[in-house]
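> Sequence plus the predicted model coming up.
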Amino acid sequence: MKGLLLVAGKEIREGMRNRWVVAATLLLAALALTLAFLGAAPAGRVGAGALEVVVVSLSSLSIFLLPLIALLISHDAIVGEMERGTMLLLLSYPLTRWQVVVGKFLGHVVILGVATLVGYGAAAVALAVAGEAIAADSWRAFALMIGSTVLLGAAFVALGTFVSAMVEARGTAAGIAVGLWLLSVLIWDMALLGMLVADQGQTIGAAMLDALLLLNPADAYRLFNLAGLPNVGQLSGMGGIAEGSGLSAPVLLGALGAWVLVPLAGAVAVFARREL
């Protein structure tokens with residue numbers, strides 16, 4: 001455990017000194033504040049609180065931005081160390097290979113979690129300071145959104161780490177990372193929509209649709225947040241999908257958790273067999 005924490009601490013210290021990580025945190029804060037005050041204006045007219053509108057806006061933003069940030073942070077976690085020649089030095093310490101992989105994963109998730117909490121938390125604090133009336137349910141939805149956003153980021157950090165453990169070059173890892181991002185946030189849903197239109201309800205039933213949604217962590221995250229509250233579901237247009245879906249909040253969170261554990265276990269298994 002000590003070795004695991006040492007590796008994670010090393011990644012956190014390096015990440016906090018990285019200007020790119022600082023820039024990502026500032027970008028999240030700027031976008032969150034912009035969406036908070038632009039979205040707060042119409043909140044009363046649609047029967048929702050200002051923070052509920054922010055939950056919808058930030059959830060939609062997270063689906064596109066957080067996976068990309070997570071993959072950019074993690075895609076060279078293993079292969080980058082190997083190309084720089086520092087992996088052998090790292091393994092010369094009393095560390096096992098699984099501790100290196102899991103330690104790097106934990107460090108990257110902490111970095112992403114801090115950036116998310118600081119960036120998105122700024123929006124909630126700003127609304128509270130501005131005197132907006134915020135109900136307890138809205139705070140709960142916001143807290144769940146923050147937690148699930150970190151979980152979404154962790155899923156893509158795990159995917160990036162898995163890719164990094166498999167490939168031989170950083171450029172290859174970067175290309176696959178971009179491909180995974182495009183597949184998850186754009187191509188998957190477009191292909192699914194095309195299948196549904198072509199099928200006309202003949203083959204793809206509710207159960208199969210639920211399974212296809214769970215095969216994409218971005219969709220599991222979207223359903224969990226954008227259909228979590230009645231007002232949020234109405235604002236996001238996801239209410240009808242949520243009513244027709246058999247996926248409960250625990251199932252969606254479980255799917256996100258599986259998207260963290262399975263790629264991480266794969267990264268550990270691949271790196272354990274890899275020649276240095």
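Now that the structure is in, tell me what you want to look at. Numbering: from 1, shown residues only.

> Residue 78 against residue 168, yeah?
No. Counting by Cβ atoms under 8 Å, residue 168 is not a contact partner of residue 78; they are 10.8 Å apart. Where you see a C-beta, it was placed from the backbone N, CA and C, and this is true even at glycine.

> What is the helix or strand harbouring residue 111 packed up against?
Element membership for residue 111 (DSSP states H and E) is helix 97-129. Judged by 3 or more Cβ pairs under 8 Å, 6 or more residues apart in numbering; DSSP states H and E, the packing partners of helix 97-129 are helix 2-17, helix 19-40, helix 50-74, helix 87-91, helix 136-166, helix 249-273.

> For the chain, which residues score under the pLDDT cut-off?
39-49, 132, 201, 227-246 (pLDDT under 70).

> Count the residues that sit near residue 12.
Using other Cβ atoms under 10 Å, residue 12 has 18 neighbouring residues.

> no no, residue 200
8.

> how much space is there between it and residue 133?
Applying Cβ to Cβ, to the nearest Å, the value for residue 200 to residue 133 is 46 Å.

> go on, residue 93?
Going from residue 93 to residue 133 by Cβ to Cβ gives 54 Å.

> same question, residue 226
22 Å.

> ok, residue 78 and residue 168, which is more surrounded?
residue 78 (27 against 11).

> Need the nearest residue in space to that one, chain neighbours excluded.
residue 164 (4.1 Å; Cβ to Cβ, 6 or more residues apart in numbering).

> Over to the spatially most distant residue from the centre of the chain. Which of the three states is it?
Computed with Cα atoms, centre = their mean, the residue of the chain farthest from its C-alpha average is residue 202, at 33.3 Å. Of the three states, residue 202 takes coil under DSSP: H, G, I helix; E, B strand; the rest coil.

> Buried residues in stretch 97-110, which are they?
Neighbour-count burial for stretch 97-110, counted by 16 or more other Cβ atoms under 10 Å, picks out 97-110.

> And for stretch 157-174?
So for stretch 157-174, counting by 16+ other Cβ under 10 Å, buried means 157-167, 170, 173-174.

> From start to finish, how long is it in a straight line?
13 Å (Cα to Cα, to the nearest Å).

> who's in contact with that stretch?
With Cβ atoms under 8 Å, 6 or more residues apart in numbering as the test, stretch 157-174 has contacts from 70-80, 83, 101, 104-105, 108-109, 112, 176-177, 180, 259-264, 266-268, 270-271, 274.

> Just the buried ones among these, please.
70-80, 101, 104-105, 108-109, 112, 176-177, 180, 259-260, 263-264, 266-268, 270-271.

> Can I get stretch 130-140 in PDB? Just the C-alpha atoms.
The C-alpha trace of stretch 130-140 is given here as PDB (Å, rounded to 0.1, in the frame of the first residue of the first chain):
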ATOM      1  CA  ALA A 130     -25.500  35.900  -5.800                       C
ATOM      2  CA  GLY A 131     -28.500  35.100  -3.600                       C
ATOM      3  CA  GLU A 132     -30.200  32.400  -5.800                       C
ATOM      4  CA  ALA A 133     -32.800  30.300  -4.000                       C
ATOM      5  CA  ILE A 134     -31.400  26.700  -4.100                       C
ATOM      6  CA  ALA A 135     -33.500  23.800  -2.800                       C
ATOM      7  CA  ALA A 136     -32.100  20.800  -1.000                       C
ATOM      8  CA  ASP A 137     -32.900  18.500  -3.900                       C
ATOM      9  CA  SER A 138     -30.900  20.800  -6.200                       C
ATOM     10  CA  TRP A 139     -27.900  20.600  -3.900                       C
ATOM     11  CA  ARG A 140     -28.300  16.800  -3.900                       C
END
